[in-house]
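> The amino acid sequence is not available; the structure is as follows:
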């Protein structure tokens, strides 16, 4: 009888507390609204009781978005929050995945003393943080390729005899022979300036990301889409260094979108790209080829995990183009290690079926006379850079 009475009392107290749940005010503050992958974000959440009753136990959930990793242990709850009182919870978060993240969405939970009852209130305020790809990663890949000799420092020979076009800022990897020492001496910060020339034949590179729904495969920050965007930013630096033009074409809400510019401009735009299950591959391809001519380079990044198949008819208008390469993503390289370990070795047959499927798709591409390669999470950037270097030999 005593236990039942206690139960009834706790239930009544909890029911009164529920009425006060709406009077709790949540304020979230962040140290910055834009950051790069790997950077740290400092944040705080203040729970304030604007009601008339003391609330026993309040706990936050979903307060750390999956795109972030918490660097400190915190206690996201408040006990016996009296009217007018407030509790501040501090966070130190590391950005793990690119995107435009609303960190204002979380849940507020109220419990009774014994944890028998609870009620949840969803908080849906808009507080967006933009996480951009890390440009430094791409620079490191280029530098290592140059050191190994697989990529020249200028990608294209000096344009001797070409008309002088102007001066631009120095980028790491530029040929020091093209530094304008006079312009450097005139600059206030004594920063190097590079002479630009109108090349007799400009390189026109179009990277087409077929961002289908399966591009979301992979763990946080290591999805297929993440590695493809990182590759795009890296390649843009190489093309710019060669004096060429570079465009990235992908689907946004089912509509083809084109972004051009240097690696900084791409970084500032591509972080918002999403995988789309309803995208139209044929429309995207036909849109892409309107941007080039017979001398344009087209690099297509595709994904077709088992049992999906590449619709080669969508590439019909590219059958007679010689400067086209197709890159197929290896799904098995994006499966998180923890999933492989939990499977206790039962993935061998699945992996083999997936690889057989991908090899068959590659053969179909080659039958249509396309240069095609299978890319893993770790070598996609290198493979595209190597292919780009080989294609350049054809057009020089």
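Nice, thanks for sending it over. Everything numeric in this text was worked out from a predicted model, so none of it was measured. Numbers count the residues shown, from 1 in each chain.

> what about this structure, any weak spots by pLDDT?
By pLDDT under 70, the weakly predicted segments of the chain are 1-18, 112-115, 137-166, 168, 171-176, 196-202, 322, 340-346, 390-396.

> Would you map out the domains in it?
As recorded under automatic domain parsing, the domains making up the chain are 21-132, 135-156+199-395, 169-198.

> would you turn the ones you listed into JSON lines with mean neighbour count?
All C-beta atoms are positioned from the backbone trio N, CA, C, and that covers glycine. Listed next are these as JSON lines, based on neighbours: other CB atoms under 10 Å:
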{"stretch": "domain 21-132", "mean neighbour count": "16"}
{"stretch": "domain 135-156+199-395", "mean neighbour count": "18"}
{"stretch": "domain 169-198", "mean neighbour count": "13"}
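
> Show me where the stretch 51-200 of the chain has its strands.
55-61, 68-70, 77-81, 86-95, 99-102, 105-111, 118-124, 128-132, 163-169, 193-198 (DSSP state E, counting those that start in this stretch).

> In JSON lines: those, plus distance to residue 288.
Listed next are the strands of the stretch 51-200 of the chain as JSON lines, based on distance: least, CB to CB, whole Å:
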{"stretch": "strand 55-61", "distance to residue 288": "43"}
{"stretch": "strand 68-70", "distance to residue 288": "34"}
{"stretch": "strand 77-81", "distance to residue 288": "51"}
{"stretch": "strand 86-95", "distance to residue 288": "31"}
{"stretch": "strand 99-102", "distance to residue 288": "24"}
{"stretch": "strand 105-111", "distance to residue 288": "35"}
{"stretch": "strand 118-124", "distance to residue 288": "37"}
{"stretch": "strand 128-132", "distance to residue 288": "24"}
{"stretch": "strand 163-169", "distance to residue 288": "27"}
{"stretch": "strand 193-198", "distance to residue 288": "26"}
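
> Of these, which is nearest residue 180?
Each of these has some distance to residue 180 by CB to CB; the shortest is strand 193-198, at 4.7 Å.

> Other residues contacting whichever helix or strand comes after that closest one?
Using DSSP states H and E, the helix or strand that follows strand 193-198 in sequence is strand 204-209. Here strand 204-209 makes contact (CB atoms under 8 Å, 6 or more residues apart in numbering) with 215, 228-229, 232, 235, 239, 244-250, 273, 284-285, 288, 291-293, 295-301, 384, 388.

> rerun that using 6 Å as the cut-off
Strand 204-209 has contacts (CB atoms under 6 Å, 6 or more residues apart in numbering) with 228, 232, 239, 245-250, 288, 291-292, 296-301.

> Packing partners of the next helix or strand along the chain from that strand?
Using DSSP H and E, the next helix or strand after strand 204-209 towards the C-terminus is helix 224-241. Counting contacts by 3 or more CB pairs under 6 Å, 6 or more residues apart in numbering; DSSP states H and E, helix 224-241 is packed against helix 135-148, strand 204-209, strand 245-252, helix 263-270, helix 380-395.

> Report the angle between helix 224-241 and strand 204-209.
Going by axes from the mean of the first three to the mean of the last three CA atoms, to 10 degrees, helix 224-241 is angled at 170 degrees with respect to strand 204-209.

> just how off-centre is helix 224-241 within its chain?
Centroid displacement of helix 224-241 relative to its chain, using CA atoms, centre = their mean, to the nearest Å, is 11 Å.

> Hey, what's the angle from that helix to strand 128-132? Just curious.
60 degrees.

> For residue 57, see how far away the residue nearest to residue 179 when sequence neighbours are not counted is.
Of all residues not flanking residue 179 in the chain, residue 192 sits nearest, at 5.1 Å (CB to CB, 6 or more residues apart in numbering). In this view, residue 192 and residue 57 are 61 Å apart by CB to CB, to the nearest Å.

> next one: residue 363
On the measure of CB to CB, residue 363 and residue 57 end up 62 Å apart.

> can you check residue 103 too?
As for residue 103, its distance to residue 57 is 24 Å (criterion: CB to CB).

> same thing with residue 282?
Relative to residue 57, and taking CB to CB, residue 282 is found at 56 Å.
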